[in-house]
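Trainee: coords below, sequence missing:
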């Protein structure tokens, strides 16, 4: 049985976001993502074929949604369900601490 | 877009476990579960048709697996992927604090 701790295995250097697939099957994929000051490139929008349910576990971030042009501020424990095709981007993540996300694509 | 905070909405009284479905679709179901001293009834085993990926976010718990008759001790951040048909039970959860689980059935 695959087990682990979500707060373990964080690289000390994060030149790019760290992504680890924790489980996958039956069209579902569960990922751990670690950011530190990362954001989506200018002009880039995620436009996904899958739904994404995302939970911010540690740190802080801003998610921008194209539809209503607002930035949602995520803090510890905030989750958001992003339907497929809902264009969004990571506007910012905390610079001074790791931001840990759990993302479920389904 | 459905959003919320995973650490919000915890009932003060928990005569039974609290279960909230956070997202569902395409054969996937994401649940928040809050326990406080709860455990599976004597002799009861979960024997599920779906895979379950479960993360302990706060608190502490023991999960027993029938196959190797061991109790896995879960603390903050522990996750475990439980394949369909893997018989298990909640042996115990912390008495003095809420134990918050995130379960993804897929």
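Mentor: Sure thing, it's come through. Predicted model only: the values in this text are computed from it and were never measured.
Trainee: CA only for contacts and neighbour counts going forward, please
Mentor: Noted.
Trainee: up against chain B, what does chain A have?
Mentor: Counting by C-alpha under 8 Å from any C-alpha of the partner chain, the residues of chain A lying close to chain B are A:1-7, A:23, A:25-28, A:53, A:76-83, A:106.
Trainee: now these: which count as buried?
Mentor: The neighbour count (16 or more other C-alpha atoms under 10 Å in any protein chain shown) marks A:3-4, A:6, A:23, A:28, A:53, A:76-83, A:106 as buried among the residues of chain A next to chain B.
Trainee: quick one: the strands in chain A?
Mentor: For chain A, applying DSSP state E gives strands covering A:3-5, A:18-25, A:28-35, A:52-58, A:61-65, A:70-74, A:78-82, A:88-93, A:99-105.
Trainee: out of these, flag the one nearest residue B:46.
Mentor: Nearest to residue B:46, of all the strands of chain A, is strand A:3-5, at 18.3 Å by C-alpha to C-alpha.
Trainee: sheet partners, orientation included, of that closest one?
Mentor: strand B:78-82 (antiparallel) (DSSP bridges).
Trainee: which outside residues touch the partner strand?
Mentor: Strand B:78-82 is contacted from outside by A:1-6, A:23, B:51-57, using C-alpha atoms under 8 Å, 6 or more residues apart in numbering or on different chains.
Trainee: let's see 7 Å
Mentor: Residues outside strand B:78-82 that contact it (C-alpha atoms under 7 Å, 6 or more residues apart in numbering or on different chains) are A:1-6, B:51-56.
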